[in-house]
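Peer 1: Here is my input; please provide its structure:
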Amino acid sequence: MRSGWVETAERSAPALLGLLLALLALGPALGPGFVLRYDMVFVPDPPLTLLGEGFPRAVPSDLVVALLSRIAPDQMVQKAVLIGIFVLAASGAAALVPSRRLGPRLAAAAFYAWNAYLAQRLLLGQWALLLGVAGLPWAVRAVLLGGRLRLAVALLPAAVGGFQAMLVSALAVLATAATAPVPDWTVRARRVVEAALVLGVLSLPWLVPALLSRAVTDPAGVEAFAARADGPLGTVGSLLSLGGIWNANAVVPGQESWWSAIVRLALAAVAVWGFARLRAPRSVPYRAGPGEAPSRGAG
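Peer 2: Numbering: from 1, shown residues only. Down below sits the predicted model:
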């Protein structure tokens, strides 16, 4: 029988790996001062404002940062948020692995917290979006386990991030709720409705201001922010390998080489193959959520 400290070390290993990846990725950004990069604008003494001009792109993320800056140093808030993205992403990906073996869990943690998608969005300063991406594995896990409160807590990082984070989360959460292995269609329908309600409530801080805003969009933005090829495999290949960012200045060094594109595409193919294997009913046992009676065939 393993000792308690060994089990504790194995449980915390994915989070520690996320911390290590954060230190490697952020490096000098963790030093004194603020990091200003495209959409990432942290400033001293941020004002407590609910809305800005135009669309609420920074709602409620700016307000949350302002509140946290009242109880902690401004610079530390930014660094804690950036480090937390890596730790949350790594630990969440590991928690989704249906195996107690440490190796597969660490592999999932590393690939989810260290990839072209995260790197490109971080280079664009889209920390609010990455909050939702980091919490996404926990949200998916909450849907599989069932329970409105559990899902609401898992979606809090995305709720803080705002509209981009919530939209990304909604795609995965609703798809998971609609396809999760459950005893009958009534349970599946109930989970879809519950997930939609939780997503809707947590989206109100940005959705209401967006509907009330008088800002207008420019159709040229669709082309300006469309996916682009950032490697030799074209636009589709770039997207399948988690790249394809619209901004050429956010391309990771070496990403345009053939070997990098092939390796990333191979990893994506392995991930899709693993996902297909996990979709088998025997691989993902059904767990009754709060208030649900387990069926005779449920494990």
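
Peer 1: Kindly report the domain assignment for this protein.
Peer 2: 8-212, 227-279 (the TED database).

Peer 1: per-residue confidence averaged over the one helix or strand V272 maps to?
Peer 2: Assigned by DSSP states H and E, V272 belongs to helix 258-278. Averaging pLDDT along helix 258-278 yields 84.

Peer 1: Skip the chain neighbours and tell me the closest residue to the residue positioned nearest the centre of the chain.
Peer 2: The chain has V133 as the residue nearest its centroid, 1.1 Å off, counting by C-alpha atoms, centre = their mean. The shortest distance from V133 to any non-neighbouring residue, by C-beta to C-beta, 6 or more residues apart in numbering, is to V168 (6.3 Å). All C-beta spots, glycine's among them, are computed from the backbone N, C-alpha and C.

Peer 1: contacting residues for that neighbour?
Peer 2: By C-beta atoms under 8 Å, 6 or more residues apart in numbering, the residues touching V168 are L129, G132, V133, L136, A158.

Peer 1: same check, this time on A165
Peer 2: A128, L129, L130, L131, G132, V133, G135, P157, A158, A159.

Peer 1: quick one: the first one and A58 touch, right?
Peer 2: Looking back up the chat, that one is A128. Yes. The criterion here is C-beta atoms under 8 Å, and A128 meets it with A58 at 7.1 Å.

Peer 1: Of these two, which one has the most company?
Peer 2: Of the pair A128 and A58, A128 is the one with more neighbours under other C-beta atoms under 10 Å, namely 27 against 19.

Peer 1: For V168, see how far away the more buried one is.
Peer 2: 11 Å (C-beta to C-beta, to the nearest Å).

Peer 1: Please identify which of the contacts of A165 is nearest to A119.
Peer 2: When the contacts of A165 are compared for distance to A119 (C-beta to C-beta), L130 wins out at 10.3 Å.

Peer 1: The closest one against I85, yeah?
Peer 2: Yes. Taking contacts as C-beta under 8 Å, L130 lies within contact range of I85: 4.9 Å.

Peer 1: Tell me the residues that contact both of the two, please.
Peer 2: L118.

Peer 1: can you give me the helices for the stretch 101-250 of the chain?
Peer 2: Applying DSSP state H, counting those that start in this stretch to the stretch 101-250 of the chain gives helices spanning 102-113, 116-123, 127-145, 148-154, 156-161, 163-179, 185-212, 220-224, 234-240.
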